[in-house]
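Kindly generate the corresponding structure for this input.
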Amino acid sequence: MASRPHHYLVVDFEATCANDGSLHREEMEIIEVGVVMVDGESLELLSEFQSFVRPVRHPMLTDFCTELTSITQANVDRAPAFPEVVDRWKAWADAYGECVFSSWGQYDYNQLSQDCRYHRLAVPFLNE
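Next up, the predicted model:
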């Protein structure tokens, strides 16, 4: 039986969106990073990381996006850019050592990969 990882990095992203076809899937951007670190043995919540992210492709949120996510234009206007958020997130996670990236489904990983490609960043927390 395989041993549990030391920690689980559980993510939930919110991204730009529209309900009128004006924003294609490949142009969506993360606008909020929400992460919890969970102990791999006890499954106890250890810490939380949250940051809004300033979108660059479509910097104006749609009314639909704000209604769906409760994220306001002011939240993202004041937010750091994606590369800075990734740096802060990695620094926070580094304190816990080995961790396994996890989320409810494939969406979060796909969105992270897409945003990293756009910003020419390595995808953090690859579980290889």
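
For the least confident helix or strand in the chain by mean pLDDT, which strands pair with it and how are they oriented?
Of all helical and strand segments in the chain, the minimum by mean pLDDT, DSSP states H and E falls on strand 100-102, at a mean of 92. Applying DSSP bridges to the sheet, strand 100-102 is found paired with strand 7-15 (parallel).

Neighbouring strands of the helix or strand just after the strand it pairs with in the sheet, and parallel or not?
Next along the chain after strand 7-15, taking DSSP states H and E as the criterion, comes strand 30-39. Strands that pair with strand 30-39, judged by DSSP bridges, come out as strand 7-15 (antiparallel), strand 45-52 (antiparallel).

what comes into contact with strand 30-39?
Residues outside strand 30-39 that contact it (CB atoms under 8 Å, 6 or more residues apart in numbering): 7-16, 44-53, 55, 61, 65, 69, 71, 75-76, 79, 82, 85, 89, 92-93, 96, 99, 111-112, 115. Placement of C-beta: from N, CA and C, glycine included.

Go through it and flag the buried ones.
Under the neighbour-count criterion of 16 or more other CB atoms under 10 Å, strand 30-39 has 30-33, 35-38 buried.

Please apply the same query to stretch 7-19.
7-11, 13-18.

Please save the CA atoms from it in PDB.
Taking Å, rounded to 0.1, in the frame of the first residue of the first chain, the C-alpha atoms of stretch 7-19 are listed here in PDB:
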ATOM      1  CA  HIS A   7       0.700  17.400   2.200                       C
ATOM      2  CA  TYR A   8      -2.200  18.000  -0.200                       C
ATOM      3  CA  LEU A   9      -2.300  21.400  -2.000                       C
ATOM      4  CA  VAL A  10      -6.000  21.800  -2.700                       C
ATOM      5  CA  VAL A  11      -6.800  24.500  -5.200                       C
ATOM      6  CA  ASP A  12      -9.900  26.300  -6.400                       C
ATOM      7  CA  PHE A  13      -9.600  28.900  -9.100                       C
ATOM      8  CA  GLU A  14     -12.000  31.500 -10.400                       C
ATOM      9  CA  ALA A  15     -11.600  32.800 -14.000                       C
ATOM     10  CA  THR A  16     -12.900  35.400 -16.300                       C
ATOM     11  CA  CYS A  17     -16.100  34.300 -18.000                       C
ATOM     12  CA  ALA A  18     -19.100  35.400 -20.000                       C
ATOM     13  CA  ASN A  19     -22.400  33.800 -20.800                       C
END
